[in-house]
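**Student:** Generate a structure from the sequence data that follows.
(2 chains)
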Protein chains: 2
Amino acid sequence: MQDSMTYSGSLTIDLKALEDNYRLLQSVAVQNCAIAGVIKANAYGLGAIQVFDRLITIGCPQFFVATLDEALALRDHHHNANIAVLGGLFTGAENTYAAHNITPVLNTPQDIQTWAAMAKSVQRKLPAFIHFDTGMNRLGLSADEAKALIDDQSILEGIDVQAIMSHFACADDHTHALTQSQADQFAAISAHFPTIKKSLANSSGLFLDKAYHYDMARPGYALYGGNPTPHLNNPMKPVAHLKTRVLQIRVCKKGESIGYGASYGFDKDTRTATVALGYADGFLRSHSSYPHKPNAKLFFEDTPCDVIGRVSMDLVTVDISHIPQLKQGDWLEVLGFNQGVDDLAETSGTIGYEILTSLGARYKRAYI
Amino acid sequence: MQDSMTYSGSLTIDLKALEDNYRLLQSVAVQNCAIAGVIKANAYGLGAIQVFDRLITIGCPQFFVATLDEALALRDHHHNANIAVLGGLFTGAENTYAAHNITPVLNTPQDIQTWAAMAKSVQRKLPAFIHFDTGMNRLGLSADEAKALIDDQSILEGIDVQAIMSHFACADDHTHALTQSQADQFAAISAHFPTIKKSLANSSGLFLDKAYHYDMARPGYALYGGNPTPHLNNPMKPVAHLKTRVLQIRVCKKGESIGYGASYGFDKDTRTATVALGYADGFLRSHSSYPHKPNAKLFFEDTPCDVIGRVSMDLVTVDISHIPQLKQGDWLEVLGFNQGVDDLAETSGTIGYEILTSLGARYKRAYI
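**Tutor:** As a prediction, the model looks like this:
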C-alpha cells in the first residue's frame, strides 16, 4: 500500500475471483443450462461495467439489470450483449427499449399488451422474458393472469419470448417448503409452453436441486462471493477486499464513554483505534455495538477487533487493547479473506447483499 | 413528471431550502458567530459541489469535509474557499495539504508536529484547526495531550491556528449531562488560548445554549433539513424530496406471503403495490416490516402506505388496500413534506443522517 493517503479506504475488486465463481456455477449447472449474469445495482455495488466486461469475455450469454437506466448504461458500453430489465417495461418507455435493443421482463398483462403493440408498430418481433409469479408476490403474472395467458397465447404474437421465468422467495433456506411449491407451480405453467425456454434458479436455487436449473440460471450474489448455501461452507471466492486506515489511537479511561450518545462505557482503561470508515461509506450504522448483540469486527492482519460504540458518518472505533503494536496509519481489513460479506452481515441482522450494495463512493477502487 | 421513465426514482434537492436553512442558523447564532458548512460525505448524500456552490454564493466562510479526497474535489472546483479536513492530517499526505491549500484539523500531537515541520520546510505559516477531545473519544487531543500543549505552546510555531475546536457527543439529547461537561472542559481549555478563535457547536449545539456558539458553529445535518431539536418541532425546511414509481399492482390472497423469506403473511386478501425502490437505492433493509416494529411508510399524495415484507435490493412492497385509485406508473413519496428524514429513520431504529447518506446513485437527481 502506498504511504501517502488521500482516501479513507481501499476497495479492491478481484475480477479473477468473479471469473472463477462464474465457472464454478457453470460446473454446478446441468448441461445446457446457461449461466446468466445478474449485474443490477451496479453489479451489487462492485462496478457494473467492469463486471459486464469480464463476464462477456468469458462467454456469459445474458445479463439482467433492474432498471432501464442501468440497461442503457450497459448498452452504451457494448452494442451486442443481451440485456434484460427485471423491473419490467417502465411506463411510457417502450420506445426506448425497442430503440436500444433492451429486452424487458414482462411482469403484467399490461406490459405484454404494450410490448406486443410495439412489435406490431415496428413490424418486427421484439424479445422479452415473461415472468410468472409463483409465491414471491412482488413482480410477475399472478396465477389468474397466468391462466388467462395460457388459455389465449395469441397475445404473445410479435413477442420473441427468450424464456418464461419465475423467482424464488426462500431458496437461501434449504428447508423452506415454499421453494418446492414455487417449483411445482412453475413446472405446471411450463407444461403449457413446451417450445419456449425456461429460467427459474437464482444463486441458491442452482445448489438446491438440478430440477430447478432448466435452460438458464440467473445468479447474482454467488458471482460476487456471497454464500449461496448458508447451511454449508461458502463455495465461492471473495470478490470484494476492503481495507481502511487508522486515523488515531487513544487510551480511553475507565468511566469514560465513546462516540455519539455516549452509548458505550468503559469499565476499564481501553486502547482504541478511530478508523476512517462510517455509515456514509456503507459501513451500516447497525454495525454499532449494542448490549446483547455480537460485535461487528475489523481485522488487523488475522486478529479481530470489536467495533465499540456507535458507527458515525465517517468514523468507527474499535477496541485494540490486545494489539499493542497497532499504530496510526495502519490498515484494517473490513472485507476479505478474514471476513466475508456474509460474516459481516451476520453480526448486524442483515444480509451480505446489503453489505455489497452499500459499499460507498469514497473508497479508492482498484480492479485486479 | 414526465411520462417516459428510464429511472427508478426521482430525487429533487431544494437548494433554496438549503439556503433558507443556512440563514435560519445564522439568525439563531450569536453575533460574530460564523456559520461554517459541513459538507462531508458528498454533503450528506445531496451533492457536495452543488451545496458548496450555493453556500459560497451566500457567504459561507468555511467548509468542513471528512477526507482529503473530498477536500481535493472541492479545491478543484473553487480556488479560494476555506476547506478543512476533519479526519486530520492523513498519514504521509502533508505535502498534498500544503500544495492544495487544504487546512487539516489536527487531532494528535503527531499531526501537530508533522504540520509544524511542514510549515518550517515551506517557510510560511500553514493554517490548521486544533481539535481537543472533551468526551467523544473519537478524534482530538486527549486531556493529557491537551495539558502538554497548554504547558508548551511553542509546538504550534509555524501553525496559523484558525480556531481550537471540540465536538459534542450528545447534543441531540437536550437532557444529556455530557454536553455541559464537554462545554465546561472546552471552556477550561479555551482560557489558555485567549487570542485564538473557538468553535464548538454542531447543528444541535446551536439550539442548546448561546454559550456554546463561540466564534464559529459547524452545522451539517440541519442544513439538509434534519431536525436539530428532536424534542421539538423541526425548524428546518426539507431539502431532499424523493419519489419513486409503482411498477406493478396485485391482489395478494389470504394465506399467501410476500417477499423474501416469506416473512409477511396475509390474513386477508390485500391489494399491494410493488415499487421501484430497494436497499441498493439506500432504502435500508431495516425498513422491512417485522412484528412489533412500526411500519416504514411511503405516501400517495397525503395518504400513507405501510411497507410490508422485506425490502429487497431493487423493490419494496406496500399495502394499498385503502387507495383503490392507485395504478401502475403512479408516483409515491419517500421523502418530502409528508415524511422527513427523521420520520423515516424513526420507524427503523436509525437516524436521519443515515437516511441521507444512503441515498442511492440510481435516482434521477435534479437541483432546484
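
**Student:** Look up the pLDDT of A:H292 for me, please.
**Tutor:** Predicted confidence (pLDDT) for A:H292: 86.

**Student:** cool, A:K364 as well?
**Tutor:** A:K364 is given a pLDDT of 95.

**Student:** For the stretch 251-368 of chain A, what lies in contact range of chain B?
**Tutor:** Taking CB under 8 Å from any CB of the partner chain, the part of the stretch 251-368 of chain A that reaches chain B is made up of A:251-252, A:256-262, A:272, A:274, A:276, A:278-280, A:284-286, A:309, A:312-315, A:317, A:328-329, A:349-351, A:353-354, A:357-358, A:361-362, A:364. C-betas here are computed from N, CA, C, even on glycine.

**Student:** Buried subset of those residues, written for PyMOL?
**Tutor:** The PyMOL command for the buried members of those (criterion: 16 or more other CB atoms under 10 Å in any protein chain shown) is given here:
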select buried, chain A and resi 252+256+257+258+259+260+261+262+272+274+276+278+279+280+284+285+286+309+312+313+314+315+317+328+329+350+351+353+354+357+358+362
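
**Student:** wait, doesn't A:V341 sit right on A:K237?
**Tutor:** No: contact criterion CB atoms under 8 Å: A:V341 and A:K237 do not qualify, at 11.9 Å.

**Student:** between the two, which one's more packed in?
**Tutor:** Ranked by neighbour count (other CB atoms under 10 Å in any protein chain shown), A:V341 and A:K237 place A:V341 first, with 27 against 17.

**Student:** Off-centre distance for the longest strand along chain A?
**Tutor:** Criterion DSSP state E: the longest strand present in chain A is strand A:240-252. From the chain centre to the centre of strand A:240-252 is a distance of 26 Å (CA atoms, centre = their mean, to the nearest Å).

**Student:** How about residues contacting whichever helix or strand comes after that strand?
**Tutor:** Per DSSP states H and E, the first helix or strand lying C-terminal to strand A:240-252 is strand A:257-258. Identification of contacts with strand A:257-258 by CB atoms under 8 Å, 6 or more residues apart in numbering or on different chains yields A:252, A:263-266, A:272, A:308-309, A:317, B:135-138, B:169, B:178.

**Student:** Could you tell me which of the residues you listed belong to helices?
**Tutor:** B:L178 (DSSP state H).

**Student:** between the contacts of strand A:257-258, which is nearest A:H174?
**Tutor:** Closest approach to A:H174 among these (CB to CB): A:I308, at 35.4 Å.

**Student:** What is the neighbour count of the closest one?
**Tutor:** By other CB under 10 Å, the residues close to A:I308 number 23.

**Student:** What of A:A93?
**Tutor:** With other CB under 10 Å as criterion, A:A93 counts 21.

**Student:** So the one residue in the stretch 151-300 of chain A that gets nearest to chain B, which state does it fall into?
**Tutor:** Nearest to chain B in the stretch 151-300 of chain A, going by CB to the nearest CB, is A:A280, at a distance of 3.5 Å. Three-state call for A:A280 (DSSP: H, G, I helix; E, B strand; the rest coil): helix.

**Student:** Quick check: nearest residue in space to it, chain neighbours excluded?
**Tutor:** B:A41 (3.5 Å; CB to CB, 6 or more residues apart in numbering or on different chains).

**Student:** Report the contact partners of that neighbour.
**Tutor:** Applying CB under 8 Å, 6+ apart to B:A41 gives the contacts A:278, A:280, A:313-314, A:362, B:66, B:70, B:357.

**Student:** Setting aside sequence neighbours, what's the nearest residue to the residue nearest to the spatial centre of chain A?
**Tutor:** What sits nearest the mean C-alpha location of chain A, by CA atoms, centre = their mean, is A:Y44, with 4.0 Å. Excluding the flanking residues, the one nearest A:Y44 by CB to CB, 6+ apart is A:L356, at 4.4 Å.

**Student:** which is the next helix or strand following the helix or strand containing the one you found?
**Tutor:** A:L356 is part of helix A:352-357, with elements assigned from DSSP H and E. With elements assigned by DSSP H and E, the helix or strand that comes after helix A:352-357 is strand A:364-367.

**Student:** how many neighbours does A:I320 have?
**Tutor:** Using other CB under 10 Å, A:I320 has 25 other residues around it.

**Student:** Could you do A:D343 as well?
**Tutor:** For A:D343, the count of nearby residues is 16 (other CB under 10 Å).

**Student:** thinking again about what came up before, what do A:V341 and A:K237 both touch?
**Tutor:** Joint contacts of A:V341 and A:K237 (CB under 8 Å, 6+ apart) are A:G225.

**Student:** what's the residue of the stretch 151-300 of chain A closest to chain B in contact with, if anything?
**Tutor:** A:313-314, A:360, A:362, B:40-42, B:44-45, B:66, B:357.

**Student:** change it to 6 Å
**Tutor:** Counting by CB atoms under 6 Å, 6 or more residues apart in numbering or on different chains, A:A280 touches A:313-314, B:41, B:357.

**Student:** Which one of the contacts of B:A41 is nearest to B:Y97?
**Tutor:** Nearest member of the contacts of B:A41 to B:Y97, counting by CB to CB, is B:E70, at 12.7 Å.

**Student:** Ignoring the adjacent residues along the chain, who's closest to the closest one?
**Tutor:** Per CB to CB, 6+ apart, closest to B:E70 is B:K40, 6.1 Å.

**Student:** Tell me the confidence at the one you found?
**Tutor:** 98.

**Student:** what's the distance between it and B:L208?
**Tutor:** Plainly put, B:K40 is 22 Å away from B:L208 if you go by CB to CB, to the nearest Å.

**Student:** With A:A211 instead?
**Tutor:** 64 Å.

**Student:** Between those two, which is the more surrounded one?
**Tutor:** Taking neighbours as other CB under 10 Å, A:A211 and B:L208 compare with B:L208 leading, 22 against 12.

**Student:** Show the backbone phi and psi for the spatially closest residue to A:H100 that is not a sequence neighbour.
**Tutor:** In this structure, A:H100 finds its nearest non-sequential neighbour in A:R75, 5.0 Å apart by CB to CB, 6+ apart. When read as degrees, to the nearest 10, the backbone of A:R75 gives phi -60, psi -40.

**Student:** How is chain A divided into domains?
**Tutor:** A:32-224, A:240-367 (automatic domain parsing).

**Student:** Show me the helices in chain A, by range?
**Tutor:** Using DSSP H, helices in chain A cover A:15-28, A:40-44, A:48-57, A:68-77, A:94-99, A:109-122, A:143-151, A:177-190, A:203-208, A:341-346, A:352-357.

**Student:** before we move on, the earlier item: the residue nearest to B:E70 - how many residues pack around it?
**Tutor:** B:K40: 25 neighbours (other CB under 10 Å).
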